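1. What follows is a predicted protein model with its sequence.
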Amino acid sequence: MPYTRAQNWVDGYDGRTPITAAALNHIEDGLAAATATADGAATAEALAAVKATADGAATAEALAAVKATADGAATAEALAAVRTTATSAQQTADAALPKAGVRTVSWVPDASAYTAAGWVNLSMTVPSPLVQVNANTFRVPASALGAVIMLSTVFSSGGGGTTSQQILEARFGGADQGPGGGVIGARTSAFNADRPTLVFVGIPGSEYSFWIRHQTGAGTATHLCRAFLL
């Protein structure tokens, strides 16, 4: 409660300024009340500041939790969309592959006599679904997605030494020959190797013929061909 003045003080005895216990106690009581009021106000202000800080921290934490939840939901939704797209693409690819038509075929071209440094065009009879064009040329069917083709050759004269070169080639035929004819579709070259192998991807509708060469030896070459068709 507010402090009430007890009296006016005047200097000297004539001013009726006695030092009494009642006057001093009144002063002490007023000072104590004023201090308590000030302390109470400071405490309330401090508590309000603490509460405001705590409320702010709680709000920030709550907002962070909401953001984390939203981010997690967005990420999960994005992953679900990616998974759906990938599954759809895989299903489309699976449906497009002609699984029933996938097959492997093998054939043995005729044994070929060769001379040193001379090219030999292999003669052969190819199995279906490859298409026989002539005695030396076959075609990958246009209806296929493609073919992986392998030619393996054994030279009877051996490797021919470390300076000897053996070559296997698959050349384009027909309309695929291009300017000048005899365009090489694939080639493998080896040194001192009596068993080189050529592997290449055949293009649907394209024609190929096989050629071999031994740089230094003469003899007879035997062959094995395989094709994996899609």
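-> Structure received.

2. and Glu61, how many neighbours?
-> 10 (other Cβ atoms under 10 Å). Quick note: C-beta positions are derived from backbone N, CA and C, even for glycine.

3. for Trp211, that is, sorry about that
-> As a burial measure, Trp211 scores 19 neighbours (other Cβ under 10 Å).

4. Sketch out the low-pLDDT regions of the chain for me.
-> Applying pLDDT under 70 to the chain picks out residues 1-9, 11-18, 42, 93-101, 175-182.

5. Okay, domains of it per the record?
-> As assigned by automatic domain parsing, the chain contains the domains 1-96, 99-229.

6. hey, which of these is tucked in deepest?
-> Sort the domains of the chain by mean neighbour count, taking mean count of other Cβ atoms under 10 Å, and domain 99-229 sits at the top with a mean of 16.

7. and the strand of greatest length in the chain, which strands flank it?
-> Secondary structure of the chain read by DSSP state E shows that its longest strand is strand 219-229. Applying DSSP bridges, strand 219-229 is found paired with strand 103-107 (antiparallel), strand 112-114 (antiparallel), strand 147-155 (antiparallel).

8. Of all those strands, which one comes closest to Leu229?
-> With Cβ to Cβ, the closest approach to Leu229 among the strands paired with strand 219-229 belongs to strand 147-155: 4.6 Å.

9. Give the next helix or strand downstream of that closest one.
-> For strand 147-155, the following helix or strand on the C-terminal side (DSSP states H and E) is strand 165-173.

10. gap between that following strand and the chain center?
-> Distance of strand 165-173 from its chain centroid, counting by Cα atoms, centre = their mean, to the nearest Å, is 37 Å.

11. Tell me what angle it forms with strand 147-155.
-> 140 degrees (axes from the mean of the first three to the mean of the last three Cα atoms, to 10 degrees).

12. neighbouring contacts of strand 165-173?
-> Residues outside strand 165-173 that contact it (Cβ atoms under 8 Å, 6 or more residues apart in numbering) are 133, 137, 139, 149, 151, 153, 155, 159-160, 177-178, 182-191, 193-194, 196-198, 200, 206-215.

13. Just the ones in strands from those residues, please.
-> 133, 137, 139, 149, 151, 153, 155, 184-191, 197-198, 200, 207-214.

14. ok, back up a step: between the strands paired with strand 219-229, which one is nearest to Thr85?
-> Set against Thr85 and scored by Cβ to Cβ, the strands paired with strand 219-229 come closest in strand 147-155, at 29.7 Å.

15. Run the chain-centre distance for that closest one.
-> On Cα atoms, centre = their mean, the centre of strand 147-155 falls 34 Å from that of its chain.

16. how far off strand 184-191 does that strand point, in degrees?
-> Per the same axes, to 10 degrees, the angle that strand 147-155 makes with strand 184-191 is 40 degrees.

17. how about TSV for the strands paired with strand 219-229, with distance to Ala58 added?
-> Below are these laid out as TSV (distance: least, Cβ to Cβ, whole Å):
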stretch	distance to Ala58
strand 103-107	70
strand 112-114	89
strand 147-155	67
